[in-house]
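Peer 1: next input, structure requested:
(2 chains)
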Amino acid sequence: MTATAEPEVGKARLRKEDARLITGQTKWTDNLQLTGMLHMAVLRSPVAHARIRNIDCSRATTMPGVAVVLTGEDFAAEQGSLPCAWPITEDMKSPPAPAMAVDQVNFAGEAVALVIADNAYRAADALAAIDVDYDELPVVLDLQEALQDTDLVHPDLGTNKCATWVYDSAEAGAGTNVEDEIASADVVLERTFRQQRLIPSFMEPRSVVVDPNADMFTVWSATQIPHILRWMLSAVTGIAEHKIRVIAPDVGGGFGGKLQVTPEELLCLLAARRMGRPVKWTESRTESMLSAHHGRDQIQKITLSARRDGTVTGLKVELLADMGAYLRLVSPGIPVLGAFMYNAIYKFAGYRFVCTNVFTNKVPTDAYRGAGRPEATFAIERMMDELAAELDMDPMKIREMNWIKHEEFPFTTVAGLTYDSGNYEAATARAMELFGYEELREEQSRRRTSRDPVQLGIGVSTYTEMCGLAPSRVLGALRYAAGGWETASIRMLPTGKVEVITGTSPHGQGHETVWSQIVADRLGVPFEDVEVLHGDTASSHKGMDSYGSRSLAVGGTALVHAADKVLAKARRLAAHMMECDEADVEFASGSFSVRGTSTVRTLGDVVLAAHVAHDLPEGMEPGMDADATFDPDNFSFPHGTHLCATEVDTQTGMVKIRSYVAVDDVGTVVNPLIVDGQVHGGLAQGIAQALFEEAVHDEMGTLTTATFADYLVPCAADLPAFITDRTSTPATSNPLGVKGVGEAGTIASTPAVVNSVLDAVRHMGVRDINMPLSPERVWTALQGGSADDVGDVAAGGLGSIDSQGGQS
Amino acid sequence: MIPAEFKYLCPSSVDEAVRMLAEEGEDAKIIAGGQSLVPVLRMRLAAPTALIDIGGLTELTGVRDDGDSLLIGAMTTHYEVQRDHLIHDHVLLLKLVADTVADPQVRHRGTFGGSLCHADPAGDLLAPALALDAVMVIAGPGGRREVPASEFFVGYFETALAADEILIDVRVPKYTGWGAHYEKLNRVAQAWSIVAVAAAVQVRDGSIVAARVASRTSVPGRCVRPRWRPRWSGSLRLLR
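Peer 2: Next comes the predicted model:
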């Protein structure tokens, strides 16, 4: 075993996952072929709200290759209800969520029947032969109208209101009463923002294979959460947990969209159990867009109070959040995750947050990159710009006078969180320098004076976020059903090679590379000697999986603790081998030595000695493996300053991003290349919300953006060259000092872009434009129209595709 | 995304393809590069009973010099158009347009003739075909006929091509030495474009002495028939 010369942590290593991914060597779920495997195709409701009068499967059943056609009625006794793990209030309304509709469909795209056939083509063909007789009901689509309870999504509930969740700083003892702040303020601003509905758009469509073998079920799924999935499948079906093995092989992206226990996972399991044969289901893109959960979709009414000098005093947030037709795994908690972030980096005296969750006849919403926090950051960063405009102050100056100073950390906020570390001044100074802030302001002024048809705008976003989900006791206090710890195991093999088992479940993040770097440094072994195993409940029996920028801050810390346990035991054995006192043993670069002598044992020597166990200290167990589970005391709080310059063509409404600077403080960086990748991808997704993406339904509740021709996901050609840099104030809540970076770019960038466009046209009388800022919306606003004048229009070329993928 | 069942036929000549088309009837469809048709099949927006694959007909590929004009084989790919010397020298506009078609994978599979026959109002070849007075050479049971671009594009995804006919060549007059430009507006790079303008101009001594310009628009779900801008030619000062 050789020692590593330079530290691995901080090294921009290429990812060890990539060779197999980009050469097609890996096996995605859909690549699995099992003997005797059947294929499942799902018939989906083309209507958003209807009673099912009758389903006639007789023709489909006789089609070539069809093994069976099943309806919700066939599964009614065994499918139970899909789990919702986050009942945010005691009185939350939670309607039954069948995997397949039994007598009523509540959104277009909901499963109503299954075909199980000997190949995927024949299964798809037979769908067209199923006749469903629907008795249509009035559709509930608009959030405000839904609150009137005129028509009900779930008549049994008696209301469309799911739950109301409140945080009040006065009641919590974390601040003053916001109504007092508003009543006594010099300036009170009230704005309403719309967070349009988004579709997570992971690259690999969802796919499931279930293999029933004797009384054991092996489930492969393109999921972010193999451990939670195993637990929940057991809870829903009653199959004993130890008789279910879940494997998440290489998974092609998730963005929260695969943080779910899906109807199709459950249906595949039930179908495989019924047939006694393996069953596979892989969705098409349109199916994905029609049935996998969506994100965002909130209306945010924000009231901000301030003194004339620009000091903010109070913040009141009143949210309406669209749950869609059912509560999925963590749907109700998504807006609640944002509750602690509206006050952001600013020192408000009083804060109140009220969120009302509402049912509609749309695809259920749930986690999407940032989950509640992008919405919060958008609202507060837009409000800070509104305040700057109201008081005619520079938007950066007004932020600076209100943010937490670097010497004030740790700082307990009005939302009751304690931010452990941060330096907003440093990140901002660096961003302003890279951006050329003053020069751009001068150019902006020139263009205004000369009435240039292309106006320049500058947008600021000084964001923070809470990640590293999460301290289990906090999750408990928020009524979340699970803990937030993470686990890691290290197996030292007799040849000195290392197996790492992690409870995190990477789906594109590069944990195999980063975890190897951490272990290589900690144990002084070569990077190449570390293998990371993940995503299989048989090898990794516990874990809380990957989401919420938690994997490194929580799972990486568990790994450090496991490595330290290995070293502690190895040190004791090394002392025994070198016949010295343990206190005299030193460890460096993978070798133990006796202080002041030339006696050396490498870690490999010690591991082998532990393995053969010929001569161990009294009471020591053979082997050199270690497990550790880490439950954090606190969240981590990445922050940063993002600056965006846009050119707005006032004649056409076209927006072009001219430059974008992101300076992020994510604490210690293990792999700068991977961090840059996360920031770039995050920026692309956040900018996409600002400018391009929007899930649109027609008045019947049909999703008209169910292809990538209509739902505009930008690619590299649509984005500027990002200028990224970092400052670093290590987190104090974990030994690595890391904070998490998975969601930062998405959270920060949306308000930076929108603020920038408004900054370009505010002097022309424009106060707000709804996202996404399409040329049509920008142009309409410039003609004096209001934010609501432009309806939602599918953006692309194919128009309506109905839920079977046919032309409507 | 799985298409409905269809019969797959592979003719060895244009005449055989025409015969197959007649035999299979109205629900048969010619497949060229498949870059538009395959997505349509996979989304079950269309379900032809038979596909006649003319991908193997080498007689339909390549660009030939035909005196005052070029003959571009219908199965010539966009990639070949981008790199063809005759096109570069005599109809530069077509090269510039081909450069902007979709992405490299599509340009290697998608064909010049297939794109024209698909007549997607957001397609790239409509405006240049109109601007350049291209003529479609069509084979059918009754022999060959030629249709100018201005009569070929009938409407939204609609051409003058009869159900039993195949586009085999496109005749494009030479515009040797003319300058050219192509501009289109997309919300994102991979989206259907909303509007496009193709122009070829002849410049002498700093003045445009002749110009060919055409534009096309596509407003999804609203536009039934593309509105063609009239072509014009004449002289105007070159604005600089």
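
Peer 1: where does the residue positioned nearest the centre of chain B sit: helix, strand or coil?
Peer 2: When chain B is reduced to its mean C-alpha position, the nearest residue by Cα atoms, centre = their mean turns out to be residue B:116, at 2.7 Å. The three-state assignment at residue B:116 reads helix, by DSSP: H, G, I helix; E, B strand; the rest coil.

Peer 1: quick one, what contacts it?
Peer 2: Counting by Cβ atoms under 8 Å, 6 or more residues apart in numbering or on different chains, residue B:116 touches B:74, B:123, B:125-126, B:129, B:136, B:152, B:159, B:167, B:170. (Glycine included, C-beta is placed from N, CA and C.)

Peer 1: next, give me the two most distant ones among these.
Peer 2: B:74 and B:126 (15.4 Å; Cβ to Cβ).

Peer 1: what does the stretch 101-250 of chain A have sitting close to chain B?
Peer 2: A:120-121, A:124-125, A:128 (Cβ under 8 Å from any Cβ of the partner chain).

Peer 1: one more pass at 7 Å, please.
Peer 2: A:120-121, A:124-125 (Cβ under 7 Å from any Cβ of the partner chain).

Peer 1: in helices, which of the residues you listed fall?
Peer 2: Among those, the residues falling in helices (DSSP state H) are A:120-121, A:124-125.

Peer 1: could you export those as JSON lines, including pLDDT and neighbour count?
Peer 2: Shown next, in JSON lines, are these (pLDDT from 0 to 100; neighbours: other Cβ atoms under 10 Å in any protein chain shown):
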{"residue": "A:120", "pLDDT": "96", "neighbour count": "17"}
{"residue": "A:121", "pLDDT": "95", "neighbour count": "16"}
{"residue": "A:124", "pLDDT": "95", "neighbour count": "23"}
{"residue": "A:125", "pLDDT": "95", "neighbour count": "22"}
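
Peer 1: is residue A:250 within a helix or a strand, and which one?
Peer 2: Here residue A:250 sits in a region with no helix or strand, counting by DSSP states H and E.

Peer 1: and the nearest residue to it once chain neighbours are set aside, how far from residue A:14?
Peer 2: Leaving aside its sequence neighbours, residue A:250 sits nearest to residue A:26 (Cβ to Cβ, 6 or more residues apart in numbering or on different chains; 4.5 Å). Noted for residue A:26: a distance of 16 Å to residue A:14, by Cβ to Cβ, to the nearest Å.

Peer 1: and what of residue A:134?
Peer 2: The value you get for residue A:134 to residue A:14, if Cβ to Cβ is used, is 53 Å.

Peer 1: which of those two has more residues huddled nearby?
Peer 2: residue A:134 (18 against 12; other Cβ atoms under 10 Å in any protein chain shown).

Peer 1: is the more buried one in a helix, a strand, or coil?
Peer 2: Classification of residue A:134 using three-state DSSP returns strand.

Peer 1: confidence score at it?
Peer 2: Per-residue pLDDT puts residue A:134 at 98.

Peer 1: and for the residue in chain B positioned nearest to chain A, the neighbour number?
Peer 2: Nearest residue of chain B to chain A (Cβ to the nearest Cβ) works out as residue B:192 at 3.1 Å. As a burial measure, residue B:192 scores 19 neighbours (other Cβ under 10 Å).

Peer 1: before we move on, the earlier item: which of the residues of the stretch 101-250 of chain A next to chain B sits closest to chain B?
Peer 2: Closest to chain B, out of all of these and judged by Cβ to the nearest Cβ, is residue A:124, at 4.0 Å.

Peer 1: residue A:782 versus the residue lying farthest from the centre of chain B, what's the distance?
Peer 2: What lies farthest from the middle of chain B is residue B:205; by Cα atoms, centre = their mean that is 33.2 Å. Applying Cβ to Cβ, the value for residue B:205 to residue A:782 is 41 Å.

Peer 1: can you check residue A:122 too?
Peer 2: Counting by Cβ to Cβ, the gap from residue A:122 to residue A:782 is 54 Å.

Peer 1: same deal with residue A:593?
Peer 2: In terms of Cβ to Cβ, residue A:593 sits 73 Å off from residue A:782.

Peer 1: what's the answer for residue B:119, then?
Peer 2: Distance from residue B:119 to residue A:782, by Cβ to Cβ: 35 Å.

Peer 1: around chain A, which positions in chain B sit nearby?
Peer 2: Neighbours of chain A within chain B, by Cβ under 7 Å from any Cβ: B:1-2, B:4-5, B:43-45, B:122, B:187-192, B:218, B:220-221.

Peer 1: would you map the strands across chain B?
Peer 2: Along chain B, the segments classed as strands by DSSP state E run B:7-9, B:28-31, B:50-53, B:63-66, B:69-73, B:135-140, B:143-148, B:153-155, B:158-159, B:166-173, B:179-185, B:195-204, B:207-217, B:236-237.

Peer 1: mind listing what's buried in the third one?
Peer 2: Buried positions in strand B:50-53, judged by neighbour count with 16 or more other Cβ atoms under 10 Å in any protein chain shown: B:50-52.

Peer 1: ok, residues contacting it?
Peer 2: B:6-11, B:17, B:20-21, B:24, B:28-31 (Cβ atoms under 7 Å, 6 or more residues apart in numbering or on different chains).

Peer 1: just the buried ones from those residues?
Peer 2: Applying 16+ other Cβ under 10 Å to these flags B:6, B:9, B:11, B:17, B:20-21, B:24, B:28-31 as buried.

Peer 1: for the residues of the stretch 101-250 of chain A next to chain B, which one is nearest residue A:530?
Peer 2: Proximity to residue A:530 was ranked across those by Cβ to Cβ; first place goes to residue A:120, at 38.3 Å.

Peer 1: and for that closest one, nearest residue in space, chain neighbours not counted?
Peer 2: Leaving aside its chain neighbours, residue A:120 sits nearest to residue A:39 (4.3 Å; criterion: Cβ to Cβ, 6+ apart).

Peer 1: now the stretch 601-750 of chain A against chain B: closest residue?
Peer 2: Residue of the stretch 601-750 of chain A nearest chain B, by Cβ to the nearest Cβ: residue A:717 (3.9 Å).

Peer 1: which residues touch the spatially closest residue to that residue that is not a sequence neighbour?
Peer 2: Nearest residue to residue A:717 in three dimensions, chain neighbours excluded: residue B:189, at 3.9 Å (Cβ to Cβ, 6+ apart). Residues near residue B:189 by Cβ under 7 Å, 6+ apart: A:715, A:717-718.
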